[in-house]
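Asker: sharing a model prediction with you, sequence too.
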Amino acid sequence: MKRKGELKKMAVKLMSQDTKDHIKNLEREKILLEDRLEHLSYTGNMVKMVEIENEIFEIEDTIKKLIG
């Protein structure tokens, strides 16, 4: 029986290039949002921080769904 990590690697190999590109773009967007979140942590703008945290969660969820 294959381990979970091996199955994910196989799934990535079977993905279309469009899906791989979409995941890369989502990862880039996530990094930018994490940087904004870090900067906002110094301002104390909790409302905006929660909004960005929710966006990050949605990106992570989408990536999980795309990978399978």
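Answerer: Nice, I can see it.

Asker: who touches the host helix or strand of Glu51?
Answerer: Element membership for Glu51 (DSSP states H and E) is helix 46-67. The contact list for helix 46-67, computed with CB atoms under 8 Å, 6 or more residues apart in numbering, reads 8, 11-12, 15, 19, 22-23, 26-27, 29-30, 33-34, 36-37, 40-41. Heads up, the C-betas are built off the backbone N, CA and C, glycines and all.

Asker: where does pLDDT dip in this protein?
Answerer: Filtered on pLDDT under 70, the chain yields the residue ranges 1-5, 7-12.

Asker: again, only using 50
Answerer: 1 (pLDDT under 50).

Asker: neighbours of Glu55, how many?
Answerer: Using other CB atoms under 10 Å, Glu55 has 15 other residues around it.

Asker: likewise for Val50?
Answerer: By other CB under 10 Å, 11 other residues sit near Val50.

Asker: what's the spacing between the residue sitting nearest the centre point of the chain and Met49?
Answerer: Geometric centre of the chain, nearest residue: Glu60, 3.6 Å, by CA atoms, centre = their mean. Distance check for Glu60 against Met49: by CB to CB, to the nearest Å, it reads 16 Å.

Asker: likewise Ser41?
Answerer: If you measure Ser41 against Met49 using CB to CB, the figure is 7 Å.

Asker: of those two, which one has the most company?
Answerer: Taking neighbours as other CB under 10 Å, Ser41 and Met49 compare with Met49 leading, 16 against 11.

Asker: distance-wise, check that one relative to His39.
Answerer: Here Met49 is placed at a distance of 10 Å from His39 (CB to CB).

Asker: give me the common contacts of Ser41 and Met49.
Answerer: Overlap of the contact sets of Ser41 and Met49 (by CB under 8 Å, 6+ apart) is empty.
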